[in-house]
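# Attaching a predicted model along with its sequence, questions to come.
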Amino acid sequence: MKLGLQLGYWGAQPPTNVPELVAAAEEAGFDSVFSAESWGNDAFAPLAWWASGTERMRLGTSVAQLSARSPAGCAMHALTMDHLTGGRFILGLGVSGPQVVEGWYGQPFAKPLARTREYVGIVRDVLARQAPVTNPGVHYPLPYSGAGALGLGKPLKPITHPLRADLPIWLGAEGPKNVALAAEIGDGWLAIYYSPRLAPMYNEWLDEGFARPGARRSRKDFEVAATCQVVITDDRAGVIAGMKPIVALYVGGMGAPELNFHAQVYRRMGYDTVVEKVIELFQSGRKDEAAQAIPDEMVAETMIVGTAAEVRREVAEWERAGVTMLLVTCRDAGQVRALADAVL
């Protein structure tokens, strides 16, 4: 099992102790460090700034949102980061949700699978640099010839030669079709709210993608990186209680009530009744009650909380289920070292 340090996205202000966390992770043997974006900070600049002093760890986005930048623009970020890191960059991509895509980026959310396939194809063409990049697809046509076009668009190759044509692209995915797509066209799956209990179901989705003609990887060389809160503590009940408001936010507020991908994940785990209650309470402004409606087992199923010995046992379960990396958040360097001691 590998560990990745998940820096996440910022709240109202940037976090202040990230350089300390990154340095501790590098020293402790973490495999990688990841940054994220929502509708505040971007994912690339913090990663480049804070990880500039690293020498060994891989650096990735978990995730960069498709609608935040064009495929060619994203490929420019990726090839730049790959050169600056000496070939240590991982491009993690995700579609986000309709509230963000249509409300923040002003882009249509429809056909997320087709958009992802087309987007990744263009990024790979840019990184391959074998020919001027064109794309006949309807979502990201190159050259553009739609409304307002002057008809002067010219297919181009990147001026800068990419360091790696096979730079790894991992996809954030929660549903069966998206996970299968990650296995087909990606090099890894960024899983959120992963449950080892549902590993047989996830493996069916992945195997469908691996079996498709032209699939890039097999299970042997495909990475499954699961975002997971791992906390070493003697107060398991207290930690779980403290995590309930976060789960309530994602289930009840991070998406429209009629289309919330995080809520759908928990429905698949069998918590449909709880999900309905949490959405109802959260949307009516009763956020504390929404958190209280979440049972302990619903939190514990997707997180690892306990003593060091208990954490080691659970990490082994996740590894047997097919997870190759845990993306963990840490509050300080001491927690970074404690997790490294317990897991690595």
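Perfect, I can see it now.

# lowest average confidence, helix or strand, in this structure?
In the chain, no helix or strand scores lower on mean pLDDT, DSSP states H and E than helix 261-268, which sits at a mean of 85.

# all helices in the chain, in order from the N-terminus.
Assigned by DSSP state H, the chain shows helices spanning 18-28, 44-50, 71-84, 98-103, 112-128, 176-185, 199-210, 236-252, 261-268, 272-283, 287-292, 296-300, 308-320, 333-343.

# right, so those helices: which one is the most enclosed?
Ranked by mean neighbour count under mean count of other C-beta atoms under 10 Å, the helices of the chain are led by helix 176-185, which reaches a mean of 22. Every C-beta, even on glycine, is put in place using the N, C-alpha and C of the backbone.

# how about the nearest residue to the most centrally placed residue in the chain, chain neighbours excluded?
The C-alpha lying nearest the average C-alpha coordinate of the chain belongs to Ser62 (C-alpha atoms, centre = their mean; 3.7 Å). Nearest in space to Ser62, with sequence neighbours left out and distances taken as C-beta to C-beta, 6 or more residues apart in numbering, is Phe34 at 3.9 Å.

# so how far is Ser145 from the one you found?
For Phe34, the distance to Ser145 equals 37 Å [C-beta to C-beta, to the nearest Å].

# and these two? which has more neighbours close in?
For Phe34 versus Ser145, neighbours defined as other C-beta atoms under 10 Å are more numerous around Phe34 (26 against 10).

# if I pick the more buried one, what's in contact with it?
Phe34 makes contacts with 4-7, 47, 59-62, 90, 92, 327, as judged by C-beta atoms under 8 Å, 6 or more residues apart in numbering.

# got it, and Glu289?
Glu289 neighbours (C-beta under 8 Å, 6+ apart): Leu281.

# one more time with 10 Å
248, 277-278, 280-282 (C-beta atoms under 10 Å, 6 or more residues apart in numbering).

# how about the helices of the chain in JSON lines, adding distance to Arg164?
Listed next are the helices of the chain as JSON lines, based on distance: least, C-beta to C-beta, whole Å:
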{"stretch": "helix 18-28", "distance to Arg164": "21"}
{"stretch": "helix 44-50", "distance to Arg164": "17"}
{"stretch": "helix 71-84", "distance to Arg164": "6"}
{"stretch": "helix 98-103", "distance to Arg164": "29"}
{"stretch": "helix 112-128", "distance to Arg164": "7"}
{"stretch": "helix 176-185", "distance to Arg164": "17"}
{"stretch": "helix 199-210", "distance to Arg164": "23"}
{"stretch": "helix 236-252", "distance to Arg164": "34"}
{"stretch": "helix 261-268", "distance to Arg164": "31"}
{"stretch": "helix 272-283", "distance to Arg164": "41"}
{"stretch": "helix 287-292", "distance to Arg164": "44"}
{"stretch": "helix 296-300", "distance to Arg164": "39"}
{"stretch": "helix 308-320", "distance to Arg164": "28"}
{"stretch": "helix 333-343", "distance to Arg164": "28"}
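
# any idea which of those scores lowest on pLDDT?
The minimum mean pLDDT among those belongs to helix 261-268 (a mean of 85).

# what inclination does that helix have with respect to helix 176-185?
In terms of direction (axes from the mean of the first three to the mean of the last three C-alpha atoms, to 10 degrees), helix 261-268 departs from helix 176-185 by 100 degrees.

# any idea how far helix 261-268 is from the chain center?
Distance of helix 261-268 from the chain centroid (C-alpha atoms, centre = their mean, to the nearest Å) equals 16 Å.

# And that helix, what does it pack against?
In this structure, helix 261-268 packs against strand 188-192, helix 236-252, helix 272-283, with contacts taken as 3 or more C-beta pairs under 10 Å, 6 or more residues apart in numbering; DSSP states H and E.

# what angle do that helix and helix 199-210 make?
Relative orientation of helix 261-268 versus helix 199-210 (the same axes, to 10 degrees): 120 degrees.

# contacting residues around the nearest residue to Lys277 once chain neighbours are set aside?
Spatial nearest neighbour of Lys277, chain neighbours left out: Ala293 (4.8 Å); criterion: C-beta to C-beta, 6+ apart. Residues in contact with Ala293 (C-beta under 10 Å, 6+ apart) are 244, 248, 251-252, 273-278, 280-282, 286.

# for those residues, which one is nearest Leu190?
Leu190 lies nearest to Val251 out of the contacts of Ala293, by C-beta to C-beta, at 19.0 Å.

# Tyr271 is in contact with the closest one, correct?
Yes - assessed by C-beta atoms under 10 Å, Val251 is found in contact with Tyr271 at 8.6 Å.

# hang on, the earlier thing: only C-alpha atoms, please: export the least confident helix or strand of the chain in PDB.
The C-alpha coordinates for helix 261-268 follow below in PDB (Å, rounded to 0.1, in the frame of the first residue of the first chain):
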ATOM      1  CA  PHE A 261     -23.100  11.800  -7.300                       C
ATOM      2  CA  HIS A 262     -21.800  11.500  -3.700                       C
ATOM      3  CA  ALA A 263     -25.300  10.700  -2.500                       C
ATOM      4  CA  GLN A 264     -25.500   8.000  -5.200                       C
ATOM      5  CA  VAL A 265     -22.400   6.300  -3.900                       C
ATOM      6  CA  TYR A 266     -23.900   5.900  -0.400                       C
ATOM      7  CA  ARG A 267     -27.200   4.700  -2.000                       C
ATOM      8  CA  ARG A 268     -25.200   1.900  -3.600                       C
END
